[in-house]
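A.B. asks: Sequence first, then the predicted structure:
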Amino acid sequence: MPHTLLRRAIPLGAALAASALLLSACAAPASDADGGELVWSIEGANLAAGHMDPQVSQLDVSGMVQRAVLDSLVFQEDDGSFSAWLAKDWKVSPDSTEYTFTLRDDVTFTDGEPFDAEAVKANFDRIVDPETESAQAASMMGADFYEGTEVVDEHTVTVRFSQPYAPFLQAASTPQLGFYSPAVLADSADQLKAGGPGITVGTGPYELTEYTPDQEIVYTRNDDYAWGPHGSKAPGVETLRVEIQPEASVRTGVIESGEADLASNIPPNLAGGLGEGITVDSVEYPGLPYSLYLNEKYGVFADEKVRQAFARGIDVDAAVEEIFFGQFPRAWSVLGSTTPGYDAALEGEHPFDPDAAGALLDEAGWTARDGDGIRMKDGKRLSVRWIAWTPVPDDRAALANAIQSDLKKIGFEVVREELDPGAYNEQYEPKTFDLTDWGFSGVDPDFLRAHLHTDGFQNASQVTDPNVDSLLEQAVASSDQTVRDDIYTQVQEWNADYTAIVPLYSPSAITAVGERIDGLAYDLYGRPLFYDVSVR
């Protein structure tokens with residue numbers, strides 16, 4: 001599935017105060033004969049909170065930065081097809097229960113360990129081991145469907161599933177299913193969440209050589225690298241220095257000043273005012289749009305009419321257009337518009353309609369009002385609690401304010417709590433909240449199984465619908481894309497009525513690129529790839 005790439009030069013804008021502050025503290029990146037240094041500014045706020053291991057973490061940033069270290073069996077092309085990487089060939093059984101990979105025989109980890117069939121088995125078995133406490137990667141491995149990895153010979157492995165598992169090739173192309181050195185898994189697996197030199201060891205184009213939590217990660221070129229996608233070899237850049245800078249103003253400041261060559265997660269309101277010669281690349285994420293998850297097992301969202309009224313009472317179009325400057329499209333479905341299987345027929349189906357929302361709440365019995373104008377029923381206020389994981393970007397905070405304002409007009413109170421990760425998990429795990437929010441990037445719609453299946457590890461809405469379970473189980477077991485698309489259409493239509501998830505907008509990865517960089521590419525998620533990059 002091709003991604004949307006909007007590449008454009010941005011005119012000169014006003015310099016930010018943050019850049020002036022940083023100019024005095026940092027030297028500008030320089031190029032030299034050995035390939036020089038590329039400085040990459042990222043948000044990265046929660047990496048230090050145990051998210052340096054993509055096999056365990058659910059944060060996109062974990063896979064984004066560790067792709068420099070972790071290679072995969074196959075590479076996914078822009079059109080959705082797969083090409084060779086660490087596996088030079090593969091065969092899928094007719095029923096999609098067995099995947100046999102023929103591995104390259106010339107690959108080594110940066111600690112000298114060989115990459116072979118035993119390394120594949122060790123990594124895959126580690127991901128599904130309950131003691132690893134992996135959620136996303138374990139789900140991508142098929143979770144309970146995974147029967148094991150057989151070492152056929154030194155460079156051949158067969159991965160088996162108890163039932164057809166169509167999404168596995170796509171999963172096997174991601175950093176979540178990338179490979180650590182077997183020596184690390186044997187001796188230091190418990191340190192991978194924290195990460196660091198000698199711990200985060202892979203076969204990738206770079207080696208992690210320095211790490212200062214909440215400040216920077218330094219990757220040094222793997223000069224022996226000769227097995228990248230499309231035959232790419234060791235990168236042209238000697239040092240990849242990743243600066244962790246959660247404030248968007250700082251990231252835009254350092255790209256404008258030249259202190260950074262690349263800056264990720266640029267907010268839409270700042271993308272149009274960067275300096276002369278800076279290019280802005282925007283890639284719309286495939287996956288589940290940024291959405292609200294309504295917990296039907298906790299409070300008032302047990303009533304379908306209340307859930308429907310909540311969704312109809314939000315002027316999503318106006319808020320998204322104003323806050324994101326037209327950069328992000330309003331979402332209508334639990335699949336983003338660049339995701340295979342997207343149902344465009346849902347666009348415009350349930351528009352903003354405060355009168356309809358009010359009628360639904362009347363039907364649900366919320367007819368009285370208190371002194372604040374909030375609806376009442378049986379002596380209780382129509383109030384819900386929204387927990388949000390910090391840090392919260394300014395644009396999402398503005399969107400939350402708009403949602404609260406819209407709903408208050410129909411007598412629906414939303415109380416928002418911004419919580420640090422520990423406090424958030426204390427409420428998320430037992431599901432003691434009314435709603436929460438996130439987006440989830442993914443190319444294969446099987447990620448809906450994690451969000452809407454009764455046993456899904458990200459089922460924040462606590463949906464328990466046997467018919468939905470059956471649809472999701474049929475989809476993951478089918479190798480016929482037409483059949484899968486039809487099933488996911490049914491799931492999208494079901495959610496549009498049932499309102500377990502309220503999609504708001506489809507974000508894009510917006511990256512600012514300095515003029516020194518050549519050869520930068522992106523994966524399907526809009527994450528930078530450095531295999532062919534050089535700096536002038």
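C.D. replies: Ah, there it is. The structure displayed is predicted, hence computed values, not measured ones.
A.B. asks: in the chain, which helix or strand is least confident?
C.D. replies: Lowest by mean pLDDT, DSSP states H and E among the helices and strands of the chain is helix 17-23, with a mean of 31.
A.B. asks: Show me what the helix or strand following that one is packed up against.
C.D. replies: Counting by DSSP states H and E, the element after helix 17-23 in chain order, helix or strand, is strand 37-42. On a contact count with 3 or more C-beta pairs under 8 Å, 6 or more residues apart in numbering; DSSP states H and E, strand 37-42 meets helix 60-66, strand 239-244, helix 248-257, strand 262-263. C-beta: built from backbone N, CA, C; applies to glycine.
A.B. asks: Would you tell me which one of the ones you listed is buried the most?
C.D. replies: Compared across the helices and strands packed on strand 37-42, strand 262-263 shows the largest average neighbour count, a mean of 30 (mean count of other C-beta atoms under 10 Å).
A.B. asks: which residues touch it?
C.D. replies: 38-42, 251-252, 254-255, 511-514, 517, 520, 528 (C-beta atoms under 8 Å, 6 or more residues apart in numbering).
A.B. asks: repeat that for 10 Å
C.D. replies: The contact list for strand 262-263 (C-beta atoms under 10 Å, 6 or more residues apart in numbering) reads 29, 38-43, 240, 242-243, 245, 248, 250-256, 270, 274, 278, 280-281, 510-514, 516-517, 520, 528, 530, 533, 535.
A.B. asks: Make TSV from the helices and strands packed on strand 37-42 and add mean pLDDT and distance to residue 210 to it.
C.D. replies: Converted to TSV, these look like this (pLDDT from 0 to 100; distance: least, C-beta to C-beta, whole Å):
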stretch	mean pLDDT	distance to residue 210
helix 60-66	96	13
strand 239-244	98	9
helix 248-257	96	19
strand 262-263	98	18
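A.B. asks: ok, residue 40 touching residue 242?
C.D. replies: Yes. Here residue 40 lies in contact with residue 242, judged by C-beta atoms under 10 Å, at a distance of 5.0 Å.
A.B. asks: Overlap in contacts, these two.
C.D. replies: Common neighbours of residue 40 and residue 242 (criterion: C-beta under 10 Å, 6+ apart): 64-65, 68, 216-217, 219, 260, 262, 264.
A.B. asks: quick check, nearest of these to residue 115?
C.D. replies: residue 68 (16.5 Å; C-beta to C-beta).
A.B. asks: That closest one touches residue 202, doesn't it?
C.D. replies: Yes. In this structure residue 68 lies within contact range of residue 202 using C-beta under 10 Å: 8.6 Å.
A.B. asks: For residue 162, list the residues it contacts.
C.D. replies: Counting by C-beta under 10 Å, 6+ apart, residue 162 has contacts 97, 142, 144-148.
A.B. asks: rewinding a little: redo the helices and strands packed on strand 37-42 as TSV? Include distance to residue 290.
C.D. replies: Shown next, in TSV, are the helices and strands packed on strand 37-42 (distance: least, C-beta to C-beta, whole Å):
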stretch	distance to residue 290
helix 60-66	12
strand 239-244	22
helix 248-257	16
strand 262-263	21
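A.B. asks: quick one, which of those is nearest to residue 304?
C.D. replies: In terms of C-beta to C-beta, the element of the helices and strands packed on strand 37-42 nearest to residue 304 is helix 60-66, at 31.8 Å.
A.B. asks: Sketch out the low-pLDDT regions of the stretch 1-150 of the chain for me.
C.D. replies: Under the criterion pLDDT under 70, the flagged ranges of the stretch 1-150 of the chain are 1-34.
A.B. asks: Could you rerun that using 50?
C.D. replies: Along the stretch 1-150 of the chain, the parts satisfying pLDDT under 50 run over 1-33.
A.B. asks: which residues in it form helices?
C.D. replies: With DSSP state H, counting those that start in this stretch, the ranges of helices along the stretch 1-150 of the chain come out as 17-23, 60-66, 117-128, 136-140.
A.B. asks: Tell me the buried residues in stretch 381-398?
C.D. replies: The neighbour-count check on stretch 381-398 (16 or more other C-beta atoms under 10 Å) flags 381-382, 384-389, 392, 395-396, 398 as buried.
A.B. asks: Out of those, which two sit at the greatest distance?
C.D. replies: 381 and 395 (29.0 Å).
A.B. asks: looking at it, residue 359 is touching residue 366, isn't it?
C.D. replies: No. Between residue 359 and residue 366 there is no contact under C-beta under 10 Å: 11.0 Å.
A.B. asks: picking up where we left off before, out of the helices and strands packed on strand 37-42, which gets nearest to residue 194?
C.D. replies: Going by C-beta to C-beta, the one of those nearest residue 194 is helix 60-66, 12.1 Å.
A.B. asks: Using PDB, list the CA coordinates for the closest one.
C.D. replies: What follows is helix 60-66, C-alpha atoms only, in PDB (Å, rounded to 0.1, in the frame of the first residue of the first chain):
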ATOM      1  CA  ASP A  60       6.300   3.900  18.300                       C
ATOM      2  CA  VAL A  61       9.400   5.800  19.200                       C
ATOM      3  CA  SER A  62      11.000   2.700  20.500                       C
ATOM      4  CA  GLY A  63      10.900   1.000  17.100                       C
ATOM      5  CA  MET A  64      11.700   4.300  15.400                       C
ATOM      6  CA  VAL A  65      15.100   4.800  17.000                       C
ATOM      7  CA  GLN A  66      16.100   1.100  17.500                       C
END
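A.B. asks: show me the contacts for the closest residue in space to residue 189 that isn't next to it in sequence.
C.D. replies: Leaving aside its sequence neighbours, residue 189 sits nearest to residue 126 (C-beta to C-beta, 6 or more residues apart in numbering; 6.6 Å). For residue 126, the contacting residues are 55-56, 132, 134, 137-138, 180, 182, 185, 189, 192, by C-beta under 10 Å, 6+ apart.
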